[in-house]
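Peer 1: What shape does this take:
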Amino acid sequence: MTDDTMKPRRPSGPLAAPGRIKEIASVSNPIVKDIRALAQKRHRDETGLFLVEGLKLVLDGIEAGWELKTLVVSKAALQGGSDILTRAVSRAVGFGADVVEASAKVLEAIARRDNPQSAIGVFKRQLTLLARVRIEPGEVAVALDRVRDPGNLGTILRTADATGAKAVVLVGDCVDPFAIETVRATMGSIFAVPVVKAREAEFLEWRSGFAGTIVGTHMAGAVDFREPDYAKAATLLFMGNEQAGLSDQMAGACDVLVRIPQAGRADSLNLAVATGVMLFEARRGALSL
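Peer 2: You can find the predicted model right below:
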């Protein structure tokens, strides 16, 4: 169902040999350095790995069938008798993942924050090919044109999950969906919603064969966002960049341009909020069938 289209190289060094259990107290340990490096997009691209903070989110990833490479757990919490953490360690070992029992200092170094979570997972990322996106009549997916803010993207993924959207398509130069800030904002929905990365030309080629309706939000939109019949056809909601909105080329790829009416002095909505409004309206329209 999913394909990592970036073709990452096989991880080398300390992250390459799964199935070990180690206790680490020093932030200078090579394993810690490798994991910390995943905060940088270049290292995520090279290894095909990304970080997930929090025991619940790690378990969400495991339950969703994503490949766990390394589980870093709080030594103090594990020794404190946390049943859930102990079960997570057992599952990680069973899957052949590395398990690292880490000191509080090591966890803080990896998470780059005080009072870190008791568990941090290193997962292999998954991307879906654009050609495999299927949207049936009454269903909806989201495309984002050059989204740049990780919090916005994470919130959109979470909202897409809540509304049953079939995919989130990132068009052009977008923020990395596997950046730790984005993953945090998804609250686990990174594992539930297929994510696609597509060049503009690739998206336009796919669009030429798309039999559904592309509804774009735009300041020049003359149609109220509640007017399209979201239940009649497959719908792709196309949302623009935070500052510039949809580019002229991407706006031209839409079947209809809509506007969300506003009553106050604000002349625009936050991208994640606007996408949420559109998604829930499309879902309401589909459910009214």
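Peer 1: can you confirm R284 is in a helix?
Peer 2: Yes - according to DSSP: H, G, I helix; E, B strand; the rest coil, R284 belongs to a helix.
Peer 1: Find the nearest non-adjacent residue to it, please.
Peer 2: Leaving out its chain neighbours, the residue that sits closest to R284 by CB to CB, 6 or more residues apart in numbering is Y230, at 8.0 Å. C-betas here are computed from N, CA, C, even on glycine.
Peer 1: Now do that neighbour, the pLDDT please.
Peer 2: Looking at Y230, its pLDDT reads 92.
Peer 1: Touching, it and F280? I think so.
Peer 2: No - here Y230 lies out of contact with F280, judged by CB atoms under 8 Å, at a distance of 10.7 Å.
Peer 1: which of the two has more neighbours?
Peer 2: For Y230 versus F280, neighbours defined as other CB atoms under 10 Å are more numerous around Y230 (27 against 13).
Peer 1: Would you verify that the more buried one is located in a strand?
Peer 2: No - Y230: not assigned to a strand; according to three-state DSSP it is coil.
Peer 1: for it, phi and psi?
Peer 2: phi -70, psi -20 (degrees, to the nearest 10).
Peer 1: and it, how far is that from D267?
Peer 2: 25 Å (CB to CB, to the nearest Å).
Peer 1: Please apply the same query to V175.
Peer 2: Separation of V175 from D267 (CB to CB): 24 Å.
Peer 1: residues touching A167, list them.
Peer 2: Residues near A167 by CB atoms under 8 Å, 6 or more residues apart in numbering: 128, 133, 135, 141-142, 193-196.
Peer 1: Grab the two from these that are most spread out in space.
Peer 2: Pairwise distances across the contacts of A167 (CB to CB) peak at 15.0 Å, for the pair I135 and V195.
Peer 1: My reading is that R148 is in a helix; is that accurate?
Peer 2: No - read with three-state DSSP, R148 is coil and lies in no helix.
Peer 1: Next, give phi and psi for N29.
Peer 2: Backbone phi and psi, for N29 under degrees, to the nearest 10, turn out to be phi -60, psi 140.
Peer 1: Give the closest residue to it in space, chain neighbours not counted.
Peer 2: Nearest residue to N29, sequence neighbours excluded (CB to CB, 6+ apart): V106, at 7.6 Å.
Peer 1: Tell me which helix or strand the one you found sits in.
Peer 2: helix 104-111 (DSSP states H and E).
Peer 1: For that helix, give me every contacting residue.
Peer 2: Contacts of helix 104-111 with the rest of the structure, by CB under 8 Å, 6+ apart, involve 24-27, 29, 32, 35-36, 51, 53, 72, 74, 76, 100, 102, 114, 116-118, 120.
Peer 1: Could you tell me which of these belong to strands?
Peer 2: If you go by DSSP state E, those have 24, 51, 53, 72, 74, 100, 102, 120 in strands.
Peer 1: Give me the distance between stretch 151-169 and the centre of its chain.
Peer 2: 8 Å (CA atoms, centre = their mean, to the nearest Å).
Peer 1: Now do the buried residues in that stretch.
Peer 2: Buried residues in stretch 151-169, counted by 16 or more other CB atoms under 10 Å: 152-161, 163, 165-169.
Peer 1: follow-up on the earlier one: and the ones in strands among the contacts of helix 104-111, which two are furthest apart?
Peer 2: Farthest apart among the ones in strands among the contacts of helix 104-111 by CB to CB are I24 and E53. That separation is 17.3 Å.
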